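**Student:** What follows is a predicted structure for the sequence shown.
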2 protein chains.
Amino acid sequence: MKKVKRTTIYDIAAKLGITASSVSRALNNSNQVNEKTKELIMKTADELNYKRNILASNLRKGQSKTIGVVVPRINQNFFSNVIAGIEEMTYQKGYNLIICQSGELHDKEIQCVNTLINQHVDCIVISVSADSYDYQHLQNVLDHGIQLIQFDRVAEELETLKVINDNVQASFEAVSHLIEGGYKRIALLEGPQNLNIFKQRKEGYLKAFKMYNVPVIEELIVENAWTKELGAEGTRKLLSLPNPPDAIFASTSDFSALGVLDVANDMGIKVPSELGICGYANESFSEITSPSITTIDQFSVYMGNTVANLFFQEIGNTDTAAKPKIISIKPELIIRGSTLKNAKV
Amino acid sequence: MKKVKRTTIYDIAAKLGITASSVSRALNNSNQVNEKTKELIMKTADELNYKRNILASNLRKGQSKTIGVVVPRINQNFFSNVIAGIEEMTYQKGYNLIICQSGELHDKEIQCVNTLINQHVDCIVISVSADSYDYQHLQNVLDHGIQLIQFDRVAEELETLKVINDNVQASFEAVSHLIEGGYKRIALLEGPQNLNIFKQRKEGYLKAFKMYNVPVIEELIVENAWTKELGAEGTRKLLSLPNPPDAIFASTSDFSALGVLDVANDMGIKVPSELGICGYANESFSEITSPSITTIDQFSVYMGNTVANLFFQEIGNTDTAAKPKIISIKPELIIRGSTLKNAKV
DNA sequence: ATATTTTACGCAATCGATTGCAATTTCAAA
DNA sequence: TTTGAAATTGCAATCGATTGCGTAAAATAT
């Protein structure tokens, strides 16, 4: 690659016999520079193919107009949607996004966060990884005076801005739907309980049982079943119980629900008449399985939008005493074939 | 958010009664600073919670250690996988990724590219949007001395580094598979022909016909059918022909193939016995439809890896005369139920 | 024509890290 | 003890843009 000397404001200034100050002011559309000169400068800048050096500009101004995003995996539907949603909003305002993936690893997450602090980003947006056990690195972000916004998977004990789904409610509605549909023995595939979201989904599950006065059966709760494979494994165990469940709520994801469906098919168990299945996240495929899978939509793109807007709202806000905001988005239960026990399909 | 004065190398220097020069050298692990002082500096830096200001560093060094990525949509499986693949490699080398989405719009794409030039990124990685009609903005990237890598959807006339799929070959194999499977009238759902990838897929389709000495039937080629809806629409037209096809190659995507499957199901046409279906891209759902859809895997994550590695390889290379490299990845035909005409399923 | 206010522009410092060159110190060889 | 080389450290310029302060020039008022 050939080294090209890029044109600076000094080049423009030299060509016009003026100072860089005026050029800078003109380019920033300051009103303390003559209209004629301004036009001239603009024209020359264009001719010389000038592009402002953001590094220099930001260094001087002490900001970076950059937002760092840390997610477990970029190529996971939910996260890529949230990122798309963030980008949509931030792009308009001239902000850039730096994206990192933690790969669900605590150490890598720490590295990512430190990288972003180094970059002097104006804000860090994060959804913590599954094996995060402490949050010193997030506290560190705050100590550096960097705005921190957590979304979806959040460390609740940290007082930061948060954008979350109301997992309890969603889960509650899903299980209520199963109960009302006539299912009697409803199993739960749960995720790592150190993640708030999975804890909340379990909470919603239990809440529904309480509400409908149905006793909870411990053996129907399967830990750590948050992939397709683990979901399938859990299902096999459940279905070979002397008294197997007649519905399974795969609270971790649609992938896990897919595992359930696979096993049911293998074992010749009819869905939804003999076994109801409910997933979580409204992955695109959940609509096209047969039967299609009842699931919960999290409005992920909208969630991204919300995160971005929250940030912009806060930078305008100098009130130190303001309490950290928590925005909760209500997910929506999407009822499909897999939970329609009594319907004629 | 409270304003926090961040510690600089001058703070460290002052505390130790030495110069910033030495601090800088120590932090860069230069060997022209005494081991003892170095240790002391490191320790103090740590105590003061020092983080290097990358803006200043990069400004001075005239680089940004940042790679810009422009894709039509972040939250599209293929692209988010490529991005994940790029990130995997670049992260290790201390590079950051700035992500933009063009939304398939030419103008937004230009804006994105300009933003990235402003940012003084070291490299721009791009997959052009569907309605791009000229490539002045890409030429502009080169004129600024910024490395440019195109992937998947590329402007062929521009001499840049490219990482592509061998679409012709993949398409050829897919259609050959259909022909050999006993399908006689094979239709093509094609995408916008201004995108090289779709042109190539059509080429592969035609090539297979030639190879097997099968005449091409123009009425079986449907333009611009690259979403699920358009795919469905095209399929309806095709199947209502006096002499309908017995196989459809949805060369644009699995989504389009899904549209085909839906219509076939609606019309009571049996897949694969009465109608064969082949998609493109190996979306996760293609495996779980019934029947599962034969498709083509593009090794998207690997493609991202390749892009990143290509970049790192090139920055070491000062040879101006070197010709731009084109790396072609061979996709793989994944045969599934939807094209097994004669198999007993 | 003179005084006063605007307007437009220049000067020079600043943001924080890096680096070529010079100066000083250290240490071993003569 | 002197000398020369090597190892450390300091000085000061630099990257490019921004901005407070000051001044000259132009515009307005007296």
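**Tutor:** Perfect, thanks for sending it.
**Student:** Distance of A:Ser57 relative to DNA strand D?
**Tutor:** The gap separating A:Ser57 from DNA strand D is 3 Å, by Cβ to the nearest atom of the strand, to the nearest Å. All C-beta spots, glycine's among them, are computed from the backbone N, C-alpha and C.
**Student:** ditto for A:Ser132
**Tutor:** Using Cβ to the nearest atom of the strand, we find A:Ser132 at a distance of 37 Å from DNA strand D.
**Student:** dump the residue contacts of that residue.
**Tutor:** A:106, A:109, A:155, A:194 (Cβ atoms under 8 Å, 6 or more residues apart in numbering or on different chains).
**Student:** Might one say that the third one is in contact with A:Tyr135?
**Tutor:** Yes: assessed by Cβ atoms under 8 Å, A:Ala155 is found in contact with A:Tyr135 at 4.4 Å.
**Student:** overlap in contacts of those two?
**Tutor:** Listed as contacting both A:Ala155 and A:Tyr135 by Cβ under 8 Å, 6+ apart are A:Val128.
**Student:** Contact partners for the closest residue to DNA strand C within the stretch 151-300 of chain A?
**Tutor:** At 24.1 Å from DNA strand C, A:Thr160 is the closest residue in the stretch 151-300 of chain A, using Cβ to the nearest atom of the strand. Each residue near A:Thr160 by Cβ under 8 Å, 6+ apart is listed here: A:138, A:142, A:148-150, A:154, A:324.
**Student:** ok, and the most crowded of the contacts of A:Ser132?
**Tutor:** Counting neighbours by other Cβ atoms under 10 Å in any protein chain shown, A:Glu109 leads the contacts of A:Ser132 with 26 neighbours.
**Student:** Name the SS class of that residue, please.
**Tutor:** A:Glu109 falls in the helix class when you classify it by DSSP: H, G, I helix; E, B strand; the rest coil.
**Student:** Excluding residues flanking it in the chain, which one is nearest it?
**Tutor:** Excluding the flanking residues, the one nearest A:Glu109 by Cβ to Cβ, 6 or more residues apart in numbering or on different chains is A:Ser102, at 3.8 Å.
**Student:** how close does the one you found get to DNA strand D?
**Tutor:** 32 Å.
**Student:** what ranges do the strands span in the stretch 151-300 of chain A?
**Tutor:** A:161-165, A:186-189, A:221-222, A:247-250, A:276-278, A:295-297 (DSSP state E, counting those that start in this stretch).
**Student:** quick one: the fifth one near chain B?
**Tutor:** No: Strand A:276-278 stays clear of chain B (Cβ under 8 Å from any Cβ of the partner chain), getting no nearer than 13.4 Å.
**Student:** Can you tell me which residues in chain A are near DNA strand D?
**Tutor:** Counting by Cβ under 7 Å from any atom of the strand, chain A comes close to DNA strand D at A:6, A:8-10, A:20-21, A:24-25, A:27-28, A:50, A:52-53, A:56-57, A:59-61.
**Student:** please redo it, this time with the cut-off set to 6 Å
**Tutor:** Neighbours of DNA strand D within chain A, by Cβ under 6 Å from any atom of the strand: A:6, A:8-9, A:20-21, A:24-25, A:27-28, A:52-53, A:56-57, A:59-61.
**Student:** which residues of the stretch 201-345 of chain A score low on pLDDT?
**Tutor:** The model of the stretch 201-345 of chain A has pLDDT under 70 over residues A:317-322, A:343-345.
**Student:** give me the residue from it nearest chain B.
**Tutor:** For the stretch 201-345 of chain A and chain B, the shortest gap (Cβ to the nearest Cβ) falls at A:Phe285, measuring 3.6 Å.
**Student:** same deal with the stretch 101-250 of chain A?
**Tutor:** Residue nearest to chain B within the stretch 101-250 of chain A: A:Gly145 (3.3 Å; Cβ to the nearest Cβ).
**Student:** Against A:Thr306, how distant is that residue?
**Tutor:** A:Gly145 sits 23 Å away from A:Thr306, taking Cβ to Cβ, to the nearest Å as the criterion.
**Student:** Mind checking which of these two has more residues around it?
**Tutor:** Between A:Gly145 and A:Thr306, counted using other Cβ under 10 Å, the more crowded position is A:Thr306 (20 against 12).
**Student:** Now do the nearest residue to that one once chain neighbours are set aside, the pLDDT please.
**Tutor:** In space, and not counting its chain neighbours, A:Thr306 is closest to A:Val163: 5.1 Å by Cβ to Cβ, 6+ apart. In this model, A:Val163 is scored at 97, pLDDT.
**Student:** Verify the contact between A:Val163 and A:Ser300 for me.
**Tutor:** No: using Cβ under 8 Å, A:Val163 is not in contact with A:Ser300, being 11.0 Å away.
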